[in-house]
Every structure is written in structure tokens, then in C-alpha cells.
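A.B. asks: please find the sequence and the predicted model below.
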Amino acid sequence: MSTAFQNLNWLAIAAAALSTFLLGGLWYSPLLFANAWMHANKFDPENMGKPNMALIFGLAFVLSFFMALNLALFIGAGDTAFGATAGFMAGFGWVALGIGVISLFERKPLAYVLINGGYMTVAFTVMGAILGAWK
């Protein structure tokens, strides 16, 4: 395992983690899915309070970094195509479908699954492509 960690490209992992922010900023923006996401979650902008955005973004980056690290360990010496495929399979096959299972019990609408699961599928695919390409 120590050999696997020595062979990691830490800048690629950081870039892959950062890519989730760039994609998320677009995905959950008014240009794409902000209104549908708010509706699917039954969020009312007037009653959401004042969140600590520094804490939210900081923790989100840490979690994204560990997701990218995990994916990098899984991809290993794989190339761009393998990285993108592995990312897609992780994003869709594990994360999006996991969100789907949870949403059944939470009685969330299909839009919730499609928006959040779609984001994670695309995010993991992009992360995998970055990690596979940048050795």
C-alpha cells in the first residue's frame, strides 16, 4: 500500500477534487439545475438562514479530495480512457444508484436522483479522466 501512495500524483488529485467545485458551480447554478434542485429538495430560499459557506466549501473540498484520492488509488496506472470509465462506473454504479436507494426511503422525487446522481456521475467521470491523463 505504501508503494501505491508513493506513486500518486498529488497535484492531479487536488485538481480532480477542484474540478468537482467547478462542475458543481455550473450544475447547481440558475443556468442549469438550481431551481429544479431547490424544488426537489423543497427548499425555500427565504427560510434557509445564513449558512457558514466557508465551512461548507472547506469541508466539501476535503471530502472531494478524499473521493479523488480513493479514485486515484483505484485507477492506479490506468490511462485517460480507463480513468474516465472507472470514474463513470463509480459515479453512476455506486454513488448515483446509492442516492437512488436512499431517495426511495426518503420519498424524494425522481428529479432529486437525476440532478444529484447526474452531478456525481459527471463529476466522477471528469475526476477519473484527470487522474488517468495526469500521471
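C.D. replies: In hand now; what should we look at? Residues are numbered from 1 along each chain as shown.

A.B. asks: and for Met48, the neighbour number?
C.D. replies: Here the number of neighbours of Met48 (other CB atoms under 10 Å) works out to 9. Every residue, glycine included, has its C-beta placed from N, CA and C.

A.B. asks: cool, and the one 5 residues further on?
C.D. replies: Under the neighbour criterion other CB under 10 Å, Met53 is assigned a count of 8.

A.B. asks: and the residue lying farthest from the centre of the chain, which of the three is it?
C.D. replies: If you look at how far each residue of the chain sits from its centre, by CA atoms, centre = their mean, the farthest one is Glu46, at 27.0 Å. On the three-state scheme (DSSP: H, G, I helix; E, B strand; the rest coil), Glu46 is labelled helix.

A.B. asks: pull out the buried positions in stretch 38-48.
C.D. replies: Ala40 (16 or more other CB atoms under 10 Å).

A.B. asks: and stretch 118-126, by the same measure?
C.D. replies: Residues of stretch 118-126 classed as buried: Gly118, Tyr119, Met120, Thr121, Val122, Ala123, Phe124, Thr125, Val126 (neighbour count, 16+ other CB under 10 Å).

A.B. asks: could you list the alpha-carbon positions for that stretch in PDB?
C.D. replies: Below are the C-alpha coordinates for stretch 118-126, written out as PDB (Å, rounded to 0.1, in the frame of the first residue of the first chain):
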ATOM      1  CA  GLY A 118     -26.200  13.000 -12.600                       C
ATOM      2  CA  TYR A 119     -23.800  15.500 -11.000                       C
ATOM      3  CA  MET A 120     -21.900  12.800  -9.200                       C
ATOM      4  CA  THR A 121     -21.700  10.700 -12.300                       C
ATOM      5  CA  VAL A 122     -20.300  13.500 -14.400                       C
ATOM      6  CA  ALA A 123     -18.000  14.700 -11.500                       C
ATOM      7  CA  PHE A 124     -16.500  11.200 -11.000                       C
ATOM      8  CA  THR A 125     -16.100  10.800 -14.800                       C
ATOM      9  CA  VAL A 126     -14.200  14.100 -15.000                       C
END
